[in-house]
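Enquirer: Let's see this in three dimensions:
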Amino acid sequence: MKIWKPGGGERTGFFAPLSSRWIRSGIILIAASLIACAPAVAQPDSPPESAPIVTGTAIAPAASPDPVYTRHATPTPVAPTNLITLTLWISEDFAPSATPTGRLLNEPFETFTAANPHIRIEPVVKKNYGKGGVLDFLLTTHAVAPTQLPDLALLDLAEAPPAVEAGIIQPLPATLIGKMQDTFFPFALQAARYQNQWVALPLAADAQHLVYNSNIIKWPPATWDELLRQRAPLLLPLDGPQAFLAQYFALTPPSERGAPLTVDLAATAQTLYQFKRARELNLVPDVAFTLKTGDDTWLAFTANQAPLAQVSASRYLTERGMFPHTQYAALPTRDGKPTTWVSVWGWAIVTAEPARQNAAAQLLAWLSANDRLAPWLRAAHRLGVTRIANLYAVEPTAYALFWNDTFERTTYWTPTTPRDLKLIEAWRTAINAVCKNQITPEEAARNIAAVK
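Expert: So this is what the prediction gives:
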């Protein structure tokens, strides 16, 4: 039995390493020029919203030619005679602290209060998810002590719908969103809208791609046929929805956020068949059926359990320096078109008081400027939700361009109804049953479509 050791390093694909500042600056200027020339595409009143899933069919709106997109949204200044303290609930991955990373995350708040002494910032750290998480605290506090709610909340936008339904999250001021929407990738706009309203300002994203050990794999597979020919084991998070949904939505676009999801029988059966065939050739290790997320697969990959894995960009960004032979690529799909699974974090305004909303909008406009946002994204090990933000924040440039290309084809879906949650469980169960030859992909697809 061979043991391999994955490493880090940067795969550049067709791009040579770019380290000089003048080369990077040139790329940014060229990118901005190209974006400025792109035709604008009108946004639907209610774009398809999604959370944990993305695919490759969306057309991106034209980006603003101005790299500091906050110039398009300047809220009315708060009267300097009125001192306001804004309370911010922030998930722990983005929270200021005494650590070097935490100090970087606190810098934009400090510079804002220095420039706006009439507005103070009080960040409060919450868990990302579950009991004690941002959403949990919003719902419980609203129920028992609504006056203790924060003015702003930074949360995974997959969890925004329940807070909107409860009347906790307020629509964004029109002066804030304004022309800023032209700068975002389509999936970020989809995540930020719910019930035909802008409910959050997108801030950062995490997404999944392939990583591979370049000592073992000389060229990563772009399609499932290539994967089967290479006969290299692949780690997938098959105990959660991310692996299935990334492949499924590469074949068929998702429904609009909040709309009933129509199960495509052909796409469902095809996705299940891909996993079944790889399992039959021993390309999907047993451990894959215990992995729920891209973070889990990263841990298994770095423990030498396979030379290929579907992993989270945030984990790759955090630890790639420790594994010099680890490179990245797009996930293999049936036809080779890029796909991914994406999550989006954003700022939601909670306060309903006009003066405090105005102060909150002023802070969000400040935080959105690329020169402040880029260090924040790097410290949090997250991706940008605009083309320009990635070029400022993500290194090396080839990796930023890889995500810009992938994100142009990415759409967003998240479960918002009880049926959606049942479907996710049905998909997970079907993967196990099909891979164990207990049911055919076609039969499993019909069972999933019958979920009520």
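Enquirer: pLDDT weak spots in the stretch 1-150 of the chain?
Expert: Under the criterion pLDDT under 70, the flagged ranges of the stretch 1-150 of the chain are 1-81, 98, 100.
Enquirer: Which single strand of this protein contains the most residues?
Expert: Of all the segments of type strand in the chain, defined by DSSP state E, the longest one is strand 201-213.
Enquirer: for that strand, packing partners?
Expert: Strand 201-213 sits against helix 186-192, helix 294-302, strand 308-312, helix 313-319, strand 326-329, strand 342-349, helix 370-380, helix 397-407, with contacts defined as 3 or more Cβ pairs under 8 Å, 6 or more residues apart in numbering; DSSP states H and E. Placement of C-beta: from N, CA and C, glycine included.
Enquirer: Which strands and helices lie in contact with the shortest one?
Expert: Here strand 326-329 is seen to pack against strand 201-213 when contacts are counted using 3+ Cβ pairs under 8 Å, 6+ apart.
Enquirer: CA atoms only: put the strand it packs on into CSV for me.
Expert: Taking Å, rounded to 0.1, in the frame of the first residue of the first chain, the C-alpha atoms of strand 201-213 are listed here in CSV:
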residue,chain,number,x,y,z
LEU,A,201,-25.1,43.4,1.7
PRO,A,202,-22.9,40.5,0.6
LEU,A,203,-19.4,40.5,2.1
ALA,A,204,-17.5,37.3,1.5
ALA,A,205,-17.9,33.8,0.1
ASP,A,206,-16.5,30.3,0.7
ALA,A,207,-16.6,27.7,-2.1
GLN,A,208,-15.3,24.3,-3.0
HIS,A,209,-12.9,23.1,-5.6
LEU,A,210,-10.7,20.1,-6.3
VAL,A,211,-7.3,19.8,-4.7
TYR,A,212,-4.7,17.2,-5.7
ASN,A,213,-1.3,15.9,-4.7
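Enquirer: Moving C-terminal from it, which element do we reach first?
Expert: Past strand 201-213, further along toward the C-terminus, the next helix or strand under DSSP states H and E is helix 224-230.
Enquirer: And for that following helix, what's in contact with it?
Expert: Residues external to helix 224-230 that are found in contact with it (Cβ atoms under 8 Å, 6 or more residues apart in numbering): 217, 221, 234, 274, 277, 278, 281, 283, 308, 332, 333, 334.
Enquirer: Could you point out which residue ranges in the stretch 351-452 of the chain have low pLDDT?
Expert: In the predicted model, the stretch 351-452 of the chain carries no residue with pLDDT under 70.
Enquirer: Could I get the full set of helices for it?
Expert: Counting by DSSP state H, counting those that start in this stretch, residue ranges of the helices within the stretch 351-452 of the chain are 354-367, 370-380, 387-393, 397-407, 418-435, 441-449.
Enquirer: Quickly compare the ones you listed and say which is most buried.
Expert: When the helices of the stretch 351-452 of the chain are scored by mean count of other Cβ atoms under 10 Å, the highest mean neighbour count falls to helix 387-393 (a mean of 25).
Enquirer: Show me what that helix is packed against.
Expert: Counting by 3+ Cβ pairs under 8 Å, 6+ apart, the elements that helix 387-393 packs against turn out to be helix 21-37, helix 370-380, helix 397-407.
Enquirer: The same query, at a cut-off of 10 Å, please.
Expert: Contacts of helix 387-393 with other secondary structure elements, assessed using 3 or more Cβ pairs under 10 Å, 6 or more residues apart in numbering; DSSP states H and E, are made with helix 21-37, strand 201-213, helix 370-380, helix 397-407.
Enquirer: any idea which element the residue nearest to residue 224 when sequence neighbours are not counted lies in?
Expert: When the adjacent residues along the chain are set aside, residue 224 lies closest to residue 274, with 5.1 Å between them (Cβ to Cβ, 6 or more residues apart in numbering). Assigning secondary structure by DSSP H and E places residue 274 in helix 265-280.
Enquirer: Could you pull up the mean pLDDT of that helix?
Expert: In this model, helix 265-280 has a mean pLDDT of 96.
Enquirer: which other helices and strands contact it?
Expert: Helices and strands touching helix 265-280, as assessed by 3+ Cβ pairs under 10 Å, 6+ apart, comprise helix 224-230, helix 242-251, helix 418-435, helix 441-449.
Enquirer: what about those, which gets the closest to residue 108?
Expert: Closest of the helices and strands packed on helix 265-280 to residue 108 is helix 242-251, at 30.6 Å (criterion: Cβ to Cβ).
Enquirer: per-residue confidence averaged over the closest one?
Expert: Here the mean pLDDT over helix 242-251 is 93, rounded to a whole number.
Enquirer: How much space separates residue 202 from residue 407?
Expert: Separation of residue 202 from residue 407 (Cβ to Cβ, to the nearest Å): 12 Å.
Enquirer: could the helices of the stretch 351-452 of the chain be laid out in JSON lines, adding distance to residue 270?
Expert: Putting those into JSON lines (distance: least, Cβ to Cβ, whole Å) gives the following:
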{"stretch": "helix 354-367", "distance to residue 270": "42"}
{"stretch": "helix 370-380", "distance to residue 270": "35"}
{"stretch": "helix 387-393", "distance to residue 270": "31"}
{"stretch": "helix 397-407", "distance to residue 270": "21"}
{"stretch": "helix 418-435", "distance to residue 270": "12"}
{"stretch": "helix 441-449", "distance to residue 270": "8"}
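Enquirer: nearest to residue 240, of these?
Expert: Taking Cβ to Cβ, helix 418-435 is the member of these nearest to residue 240, at 7.2 Å.
Enquirer: Check which helices and strands the closest one is in contact with.
Expert: In terms of contacts (3+ Cβ pairs under 10 Å, 6+ apart), helix 418-435 is packed against helix 242-251, helix 265-280, helix 441-449.
Enquirer: Let's have the ones you listed in CSV, adding distance to residue 122.
Expert: Formatted as CSV, those follow (distance: least, Cβ to Cβ, whole Å):
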stretch, distance to residue 122
helix 242-251, 35
helix 265-280, 46
helix 441-449, 46
